[in-house]
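> Need coordinates for the following:
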Amino acid sequence: MVKAPAATLQGAALALASSLSFAAVPAPDFVIDAANRVGPVTPFTSELDLLEIFGSNAVKRGQLNLGGAPCEGTILFPGTDREALIRWRGAFESPQAIKISEPSTPWITMEGVSVGTTLEDLELINGRPFVIASYDLNAGARTLSWEGGAFPSELVFDLGAQEKPTGEEMKGIRGHMTHLSSDPLIRRLRFRVRAINVIW
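Coordinates of the predicted model:
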């Protein structure tokens, strides 16, 4: 019987161990099914669960600003285009809100929306005009109501305008905090998705 060299056996063993340890950590997907999950994160996922799945390099604590007062939360995949910010209920036990805003992010909703999707495409996917809210259109807007369209209520988009309203246009909407996506002014400002928010 011919024996394989010890170095060959050792190399094979290391390769097998490496493949097994890598396989033990599931590759994340970046699909957002807003009613049920954001990749590996569900309404029942804890920070400890994420640490067990991805390790401490991919799960960090930090101060988050997701609207309202800053709070301590979790940064998933920090410093990468996959970064997601998580605000929790209780002691990091249940996600309350998740925000994704990196321009080249691979995160994408089940409906096909990612950062950079146009307002016109949102309206097309939703199947009807929807309502956005803004205190200042120059600073951006946020989706407020899908008006019975295709998007789930858990899914909220922050929008940024590519064009600026004129002084006369601003005078014309003074006192109006909500607007239909089909409004000619809103269309002219060429809004795009600036951030994806899932709120549970």
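> gap between the most centrally placed residue in the chain and residue 112?
Among the residues of the chain, the one closest to the centroid is residue 100, at 3.0 Å (C-alpha atoms, centre = their mean). Relative to residue 112, residue 100 is positioned 15 Å away (C-beta to C-beta, to the nearest Å). For every residue, glycine as well, the C-beta is placed using N, CA and C.
> next one: residue 75
Distance, residue 75 to residue 112, using C-beta to C-beta: 26 Å.
> out of these two, which sits in the busier spot?
residue 75 (18 against 9; other C-beta atoms under 10 Å).
> Let me see the mean pLDDT of stretch 168-188.
For stretch 168-188, mean pLDDT is 86.
> Also stretch 105-119?
Rounded mean pLDDT across stretch 105-119 is 97.
> contacts for that stretch?
Contacts with stretch 105-119, where a contact means C-beta atoms under 8 Å, 6 or more residues apart in numbering, come from 30-34, 38-39, 81-84, 100-104, 121-122, 125, 150-151, 155, 157, 159, 181, 186-187, 190-196.
> Show me how far the biggest strand by length in the chain is from its chain's centre.
For the chain, the strand with the greatest residue count under DSSP state E is strand 191-199. With C-alpha atoms, centre = their mean, to the nearest Å as the basis, strand 191-199 stands 7 Å off its chain's centre.
> what does that strand contact?
With contacts defined as C-beta under 8 Å, 6+ apart, strand 191-199 is touched by 32, 34, 38, 66, 96-101, 107, 109, 113-119, 122, 132, 140-141, 154-162.
> And stretch 173-181, by the same measure?
Residues from elsewhere that reach stretch 173-181, judged by C-beta under 8 Å, 6+ apart: 119, 122-123, 129-135, 137, 141, 144, 165, 185-187.
> for that stretch, which positions count as buried?
179, 181 (16 or more other C-beta atoms under 10 Å).
> With stretch 87-97 instead?
Neighbour count says stretch 87-97 has 87, 88, 92, 95, 96, 97 buried, by 16+ other C-beta under 10 Å.
> can you put these in JSON lines and add distance to residue 173 and pLDDT?
Formatted as JSON lines, these follow (distance: C-beta to C-beta, whole Å; pLDDT from 0 to 100):
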{"residue": "87", "distance to residue 173": "31", "pLDDT": "95"}
{"residue": "88", "distance to residue 173": "37", "pLDDT": "95"}
{"residue": "92", "distance to residue 173": "41", "pLDDT": "94"}
{"residue": "95", "distance to residue 173": "35", "pLDDT": "96"}
{"residue": "96", "distance to residue 173": "32", "pLDDT": "95"}
{"residue": "97", "distance to residue 173": "28", "pLDDT": "96"}
